[in-house]
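Enquirer: Show me the folded form of this:
(one chain, ligands or ions: 1)
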Amino acid sequence: MPAKLTDALTLPCGQIIPNRIMKSAMTEGLADANDHATSRHLNLYRRWSHGGAGLLITGNVMIDRRYLEKAGNVVIENESGLEALQAWAKTGQEGGNQLWMQISHPGRQCAKLNNKQPVSASDVQLHLAGGFGKPRWLESAEIEEIIQRYATTAEIAKKAGFSGVQLHGAHGYLISQFLSPVTNRRTDQWGGPLENRARLLLRSVEATRERVGKGFPISIKLNSADFQKGGFTLDECVQVVTWLNEVGIDLLEISGGSYEAPQLMGFAGDKAKTELPPRQSTLDREAYFLDYTQAIRKVATMPVAVTGGFRSLRVMQDALAAGELDMIGMSRPFAADPELARGLLDGSLQQVPAIEQDKRLGPGFLSQNSRIGIVKMITMQGQVGWFAEQMTRIADNQPPNPDIGILPAMIKMVRTEMKTAKARHFQA
Ligand SMILES: Cc1cc2nc3c(=O)[nH]c(=O)nc-3n(C[C@H](O)[C@H](O)[C@H](O)COP(=O)(O)O)c2cc1C
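Expert: Model prediction:
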């Protein structure tokens, strides 16, 4: 029987997701000065929980308060914020959905605002508007500590009542930096051949499994490819997935790209760095990674979710029915319409508005299709700001603000982040 959006999904660990719609991670930036969850998380996740999606993934929660992806990230190093986490977990599952915590270390993608001296697999700096410091090579003992930190954060997430965890292995964050030969120049056991570059990922999954036990879902978000010359390739991704089969995970989420190559949000790639000729859905700027998923799906023994660009019910239904994936991941639309999953599930919503296509500096070379780096970067940051603004408004029980432009939204986001960074009790 071909799968339908309304079908439940039983995971390898035995847990059941009530339907096939997943809200993918979107960083909230709503933590307090102690990096703890707040009532604003509750307001936001209550809306999403009652919105019908079977699975909600939180924005990335940091494992180390010295290194943030964004000021306002929740950080879990110990049980000091447990009560707030418990409230978040409870509220975020009121609707009968699953709520999984995304767990992350930004590596070199930690802005100077949060730490001028980030760490990474090696010292390859992220050159993006001068916002990121040159990273320091991690010592082997520090890598071992990071592995334990992923596991500790996961264990506390479970204790707080989250129903699963997802390790962020995509989008150029630390695990992804280890996977990519561009950012991983090591020659020790953590670098060089793929089996070494994948060691941080695989060991972190194993350590996490040890602490959370067999019946608790562990997911990985992984790039199908980095879309960067010399970066992590589709063939390498396929190989890593065969290793993930062995260590045992419950859901693989496929995405792609990074801050430098923002394919994750549907931005046009550099042709020379695009591996597969795009099929029609990709040309229509819908379901950006389905072409890549075919090869991954052939080897994956765990359920597969794909995130990026899904907007029409027909494309979602077709992909599910054809067995190309098991779950439909979506992010940005949930910031604009927290209840959209209901309409997709009962068929009353045929088309999710592709709002992002209007969120650009202008037509043609000023749009997402621009191959000009600075245009892509400002548009991406502007879009992130625009969707962040909508999430913040839901969190503050306010109606959406569709009229804000991407530049004002970006400026507002940067100002808020600066203020939040300054207010933190921990200063790097
Ligand atoms: C405001 C914003 C915040 C995001 N934060 C995260 C994050 O914390 N973790 C993550 O894996 N992806 C993050 N993403 C990427 C999304 O999860 C998703 O991969 C991307 O938006 C493409 O999916 P979509 O076309 O359905 O929006 C974020 C995207 C946006 C717009």
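
Enquirer: Report the contact partners of Q239.
Expert: L194 (CB atoms under 8 Å, 6 or more residues apart in numbering). (Glycine included, C-beta is placed from N, CA and C.)

Enquirer: From L200, how far off is it?
Expert: Q239 is 15 Å from L200, where distance means CB to CB, to the nearest Å.

Enquirer: Report whether the helix or strand where T379 lies contacts the ligand.
Expert: Using DSSP states H and E, the secondary-structure element containing T379 is helix 373-395. Yes. Helix 373-395 is in contact with the ligand by CB under 6 Å from any ligand atom, via V384, F387, A388.

Enquirer: Closest one to A354 out of the residues you listed, please.
Expert: F387 (12.8 Å; CB to CB).

Enquirer: What backbone torsions are found at the closest residue to the closest one other than its chain neighbours?
Expert: Closest residue in space to F387, ignoring its immediate chain neighbours: A335 at 4.3 Å, by CB to CB, 6 or more residues apart in numbering. For A335, the backbone dihedrals (degrees, to the nearest 10) come out as phi -80, psi -30.

Enquirer: I'd guessed A335 sits against M26; true?
Expert: Yes. Look at A335 against M26 with CB atoms under 8 Å: they come within range, at 6.4 Å.

Enquirer: What about the residue nearest to F387, how many residues nearby?
Expert: For A335, the tally of surrounding residues (other CB atoms under 10 Å) stands at 22.

Enquirer: which residues does it contact?
Expert: M26, F387, A388, Q390, M391, I394.

Enquirer: just Q86 next, same as before
Expert: A160, G161.

Enquirer: And what about it, helix, strand or coil?
Expert: helix (DSSP: H, G, I helix; E, B strand; the rest coil).

Enquirer: need the contact list for the closest residue to V205 other than its chain neighbours.
Expert: Nearest in space to V205, with sequence neighbours left out and distances taken as CB to CB, 6+ apart, is V247 at 5.0 Å. V247 makes contact with L202, V205, E206, R209 under the criterion CB under 8 Å, 6+ apart.

Enquirer: How much space separates S49 from A151?
Expert: Counting by CB to CB, the gap from S49 to A151 is 27 Å.

Enquirer: quick revisit: quick check: the residue nearest to F387 vs the ligand, distance?
Expert: Per CB to the nearest ligand atom, to the nearest Å, A335 is found 7 Å from the ligand.

Enquirer: what's the helix or strand for Q148?
Expert: Short version: Q148 belongs to helix 140-160, going by DSSP H and E.

Enquirer: what angle sits between the next helix-or-strand element following that helix and helix 140-160?
Expert: Beyond helix 140-160 on the C-terminal side, the first helix or strand identified by DSSP H and E is strand 164-169. For strand 164-169 against helix 140-160, the angle by axes from the mean of the first three to the mean of the last three CA atoms, to 10 degrees is 150 degrees.

Enquirer: Give the other helices and strands that the helix or strand sitting right after strand 164-169 along the chain contacts.
Expert: Scanning forward in sequence from strand 164-169 by DSSP H and E, the next helix or strand is helix 174-179. Using 3 or more CB pairs under 8 Å, 6 or more residues apart in numbering; DSSP states H and E as the contact test, the elements touching helix 174-179 are strand 164-169, helix 194-197, helix 199-212.

Enquirer: Tabulate the ones you listed in a markdown table, adding columns for distance to F178, mean neighbour count and mean pLDDT.
Expert: Listed next are the helices and strands packed on helix 174-179 as a markdown table, based on distance: least, CB to CB, whole Å; neighbours: other CB atoms under 10 Å; pLDDT from 0 to 100:
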| stretch | distance to F178 | mean neighbour count | mean pLDDT |
| --- | --- | --- | --- |
| strand 164-169 | 9 | 27 | 98 |
| helix 194-197 | 5 | 17 | 98 |
| helix 199-212 | 4 | 20 | 98 |
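
Enquirer: do you know which of those lies nearest the ligand?
Expert: strand 164-169 (5.3 Å; CB to the nearest ligand atom).

Enquirer: chain center to stretch 134-146, what's the gap?
Expert: With CA atoms, centre = their mean, to the nearest Å as the basis, stretch 134-146 stands 22 Å off its chain's centre.

Enquirer: Would you mind measuring the gap between the ends of it?
Expert: 19 Å (CA to CA, to the nearest Å).

Enquirer: Check which residues of that stretch are buried.
Expert: Residues of stretch 134-146 classed as buried: P135, W137, L138, I143, I146 (neighbour count, 16 or more other CB atoms under 10 Å).
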